[in-house]
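Student: Just the structure for this:
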Amino acid sequence: MQVEKNPYPVFLNLSGQAVLIVGAGSVGLRKAQGVLAAGAVVTVVSPEFSDLWDSVVGAVTRVAEAYRAGAAGHMAAGDWRLVFAATNQPRVNAAVARDAAAAGILCCRCDAPDQGDFSGGAMWQQAGLTLAVSTNGSSPVLSRRIRDACVDAMDPIFSQWAQLLAVWRPQVLRQVRDPALRQLLLRGIAGPEMEQVLREHGPHGPGGAQAVFERWLTESRLARNDEELRDAR
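Tutor: Residues are numbered from 1 along each chain as shown. Here you go, the predicted model:
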C-alpha cells in the first residue's frame, strides 16, 4: 500500500535573509511582496520590469537580465535562503530549480509546485496572526476559498489576544524561572479564563487582561509550587 506523503508546514523567519526571485511578472511580484513583508532582502532577476514594481516597498535589487544558469550564473551570486522560479517559461524555471538543488537551496517552482521543494499556499495575515492553507498543490483556487471561509469565521478577539501574548510570553520566559510554574502560566494566559477576561473586560483598564496578567505573573514569581499558585488564584 502506498503511503500518502503530505508536505510539512513551516513558518520561516526571513528577517534580513537573502531571497532570489527569477521572474518579474505578476507571480514574481506577489512572491516579492510576501517575503518583503517578512523582512527578507530580495533580488529579482528578469529582462523586464513593469511599472508595478515601482510601488514595491522594501529592500529589492533589480537585475535586468535573463537568468544565467550554471556555476557562474545568478544562483552563485548570493547566499540565498530561498529561491522562487516565477517566470512564464518552464525551461527557465526548470533550470532555476536544478541550480537551486545543486546549491542546496530550497526552491519554489511556481509553475509546477510538485517539482519544487515548497509552495506558499493561500495566506492571510493580521496583527499577531498568520493563517496559511494548502491543498497539497491540488488546487490553489480551493486553497483560497478555504482561507476566505476561515477568515470569515475568525473571531476578532484572537488577533487582539495574539498581540498581547507576543508581549506577555517573553516576560514570562524571562521572569518565571521554575519550569513547572512557567508552563502553568503560559497555559493560563492562553486559556479559557483569560479569554473570558478579554471578552468581559477588554485588554486594559480595571479587571482587564493586562491587569490580570500582571497579577498572575507576580503570583508565579513568588509561588514555590503549582499548588500554591492555584490557591493564590
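Student: Burial check on the residue nearest to Leu82 when sequence neighbours are not counted, number of neighbours?
Tutor: Of all residues not flanking Leu82 in the chain, Val19 sits nearest, at 4.9 Å (C-beta to C-beta, 6 or more residues apart in numbering). Just so you know, the C-beta spots here come from the backbone N, C-alpha and C atoms, and that holds for glycine as well. Val19 has 24 neighbours, counted by other C-beta atoms under 10 Å.
Student: residues contacting the closest residue to Val63 other than its chain neighbours?
Tutor: Once flanking residues are discounted, Val63 sits nearest to Val45: 4.5 Å by C-beta to C-beta, 6+ apart. Each residue near Val45 by C-beta atoms under 8 Å, 6 or more residues apart in numbering is listed here: 20-23, 63, 65, 67, 74.
Student: Which single one of those residues is nearest to Leu36?
Tutor: Of all the contacts of Val45, Leu36 sits closest to Ile21, with 10.3 Å by C-beta to C-beta.
Student: Is the closest one within a helix or a strand, and which one?
Tutor: Ile21 belongs to strand 18-22 when assigned by DSSP states H and E.
Student: what do you get for Ser143?
Tutor: With DSSP H and E as the test, Ser143 turns up in helix 140-152.
Student: Now that helix - C-alpha only, CSV.
Tutor: Extracted in CSV, the C-alpha atoms of helix 140-152 (Å, rounded to 0.1, in the frame of the first residue of the first chain):
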residue,chain,number,x,y,z
PRO,A,140,-4.7,26.9,-5.4
VAL,A,141,-8.3,28.1,-6.1
LEU,A,142,-9.7,25.8,-3.5
SER,A,143,-7.0,26.8,-1.0
ARG,A,144,-8.1,30.5,-1.4
ARG,A,145,-11.7,29.5,-0.9
ILE,A,146,-10.9,27.6,2.3
ARG,A,147,-8.7,30.5,3.5
ASP,A,148,-11.5,33.0,2.9
ALA,A,149,-14.0,30.8,4.7
CYS,A,150,-11.7,30.6,7.7
VAL,A,151,-11.2,34.3,7.7
ASP,A,152,-14.9,35.0,7.6
